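K.L.:
I would like the atomic coordinates for the input below:
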Amino acid sequence: MGNQIINMLKLCDSENSVFPPTILYNEEWMLRIILDWLSKNIYNDFPLSFGNSQKWYSEALLPSQLLAISRKDKLAESWTHADEVIGDFDIGKNEKGDLTLLDNTENLIVVEAKMYSKLSHGVKNSNFFHQTARNVACIAEVLYRAKTNINKLNRFGFYVIAPNEQIKNEPTFLEYMTKENIQDIVSKRILQYKGLDIFKEKEQWYKEWF
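P.N.:
You can find the predicted model right below:
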């Protein structure tokens, strides 16, 4: 079975292809190839270097502070799929595909890849809650659930990888990645709960963890 898959992948950029080349040549697979290489080569001064961690995982599920508390919850959102995560974690400990941090976590890096596609501008119940703010908020929730002391983390961050031409031509790449914008958007998202019983809980999470 393994050889069959490899042979089909080898054909995908030829006239004998049995599926579109984009099945292999896409942002997810390009990023996986990069991280596989980085996991085997040490470059401590590179932002995505692994440090002491050698684990990475594709399509991990990150929890949200804003998951539904009932079927009638009109402000809720679902778990976020992270393109790639580097660090010290378990997958599937509580839910299938979910990420939980280890007790001795030293590294947590979340990476989003874009290859001629844009960062999403919002979610179903919040049209301004863009992809960057959502990912960073989910990272805060991961830390909150593990009660992680962030001062003990060696490497900690969120990165978006995209072609330089795309970053130059699409203003939202730079706009959405600023600290000020992310803080403003997540604050605005929390304020959607104002007037509800759970608002104080969300506000406290924002101040103490986010």
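K.L.:
every contact and neighbour count from this point should use C-alpha atoms.
P.N.:
Noted.
K.L.:
got any ranges where this protein has weak pLDDT?
P.N.:
Low-confidence segments of the chain, defined by pLDDT under 70: 2.
K.L.:
just give me the longest helix of it.
P.N.:
The helix spanning the most residues in the chain, taking DSSP state H as the definition, is helix 131-146.
K.L.:
output that helix as CSV, nothing but the C-alphas.
P.N.:
Extracted C-alpha coordinates of helix 131-146, given in CSV (Å, rounded to 0.1, in the frame of the first residue of the first chain):
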residue,chain,number,x,y,z
GLN,A,131,-7.8,34.1,11.2
THR,A,132,-4.8,35.5,13.0
ALA,A,133,-6.7,36.8,16.0
ARG,A,134,-8.6,33.5,16.2
ASN,A,135,-5.3,31.5,16.2
VAL,A,136,-3.7,33.6,18.9
ALA,A,137,-6.8,33.5,21.0
CYS,A,138,-6.7,29.7,20.7
ILE,A,139,-3.1,29.6,21.7
ALA,A,140,-4.0,31.5,24.9
GLU,A,141,-6.8,29.0,25.5
VAL,A,142,-4.3,26.1,25.2
LEU,A,143,-2.1,27.8,27.8
TYR,A,144,-5.1,28.5,30.0
ARG,A,145,-6.3,24.9,30.0
ALA,A,146,-2.8,23.6,30.9
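K.L.:
which elements pack onto the very next helix or strand once past that helix?
P.N.:
Counting by DSSP states H and E, the next helix or strand C-terminal to helix 131-146 is strand 155-161. Strand 155-161 is packed against strand 107-113, with contacts defined by 3 or more C-alpha pairs under 8 Å, 6 or more residues apart in numbering; DSSP states H and E.
K.L.:
how about the strand it packs on as PDB, C-alpha atoms only?
P.N.:
Coordinates of each C-alpha in strand 107-113 appear next as PDB, following Å, rounded to 0.1, in the frame of the first residue of the first chain:
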ATOM      1  CA  ASN A 107       8.000  25.200  23.300                       C
ATOM      2  CA  LEU A 108       4.800  26.100  21.500                       C
ATOM      3  CA  ILE A 109       4.700  27.500  18.000                       C
ATOM      4  CA  VAL A 110       1.700  27.600  15.700                       C
ATOM      5  CA  VAL A 111       2.200  28.100  12.000                       C
ATOM      6  CA  GLU A 112      -0.300  29.000   9.300                       C
ATOM      7  CA  ALA A 113       0.600  28.600   5.600                       C
END
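K.L.:
so which other helices or strands are in contact with that strand?
P.N.:
helix 27-39, strand 80-87, strand 155-161.
K.L.:
related to what we said a few turns ago, who touches the longest helix of the chain?
P.N.:
62-65, 80, 82, 99-103, 110, 119-122, 150, 158, 176-177, 182-183, 185-186, 209-210 (C-alpha atoms under 8 Å, 6 or more residues apart in numbering).
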